[in-house]
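Trainee: Sequence first, predicted model second:
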Amino acid sequence: ACAFAGLWNCVTINPLNIAAGVWMMLNAFVLFLCEAPFCCQFIEFANAVSARADGLRAWQKAAFYCGMAVFPVMLSLTLTTLFGNAIAFATGVLYGLSALGKKGDAISYARIHQQQRQMDEEKLTGTLEGQA
């Protein structure tokens, strides 16, 4: 979607639209290299780029993908750039959510909160006894 929208964005006279379209096609190529290297078997360095991208942490991938997707939108704010970069941005958001980790259950959070409250009460009563 990013590559097709980038190509469609290049069919214009406005230089900012052309720059955004070229950047979008570059984004699509980088996403293919990092996420689906089997689609780029004819490129010699595809496996090396994919291995390096797999070595990155999830938050680093999230920042990279979201940053790549936001740049063309800042260059040329059109529906084509918005819809074309939506998938790349969504990929970054998903990596960001995976970096946050698994959601905890309510019971464990309630226990932690109760223990914290008991510790606070003990500290408070300890300071009150110390003052008396």
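Mentor: Right, received. Where do you want to start?
Trainee: domains in the chain, as residue ranges please.
Mentor: 1-76, 77-131 (the TED database).
Trainee: can you count the residues close to residue 101?
Mentor: 8 (other C-beta atoms under 10 Å). Every residue, glycine included, has its C-beta placed from N, CA and C.
Trainee: same check, this time on residue 41
Mentor: Neighbour number of residue 41 under other C-beta under 10 Å is 9.
Trainee: sorry, back to before: deepest-packed of the domains of the chain, please.
Mentor: domain 1-76 (a mean of 17; mean count of other C-beta atoms under 10 Å).
Trainee: end-to-end on that domain?
Mentor: 17 Å (C-alpha to C-alpha, to the nearest Å).
Trainee: Report the mean per-residue pLDDT for the longest helix along the chain.
Mentor: Counting by DSSP state H, the longest helix found in the chain is helix 106-131. For helix 106-131, mean pLDDT rounds to 72.
Trainee: just stretch 8-17 next, same as before
Mentor: On average, stretch 8-17 scores 84.
Trainee: now do stretch 52-59
Mentor: The model assigns stretch 52-59 a mean pLDDT of 81.
Trainee: From one end of it to the other, what's the distance?
Mentor: OK, stretch 52-59 end separation, C-alpha to C-alpha: 15 Å.
Trainee: who touches it?
Mentor: 33, 34, 35, 61, 64, 95, 96, 98, 99 (C-beta atoms under 8 Å, 6 or more residues apart in numbering).
Trainee: Looking at those, spot the one nearest residue 113.
Mentor: Closest approach to residue 113 among the contacts of stretch 52-59 (C-beta to C-beta): residue 99, at 24.4 Å.
Trainee: That closest one is in contact with residue 65, isn't it?
Mentor: No: when contacts are counted by C-beta atoms under 8 Å, residue 99 is not listed as touching residue 65 (11.8 Å).
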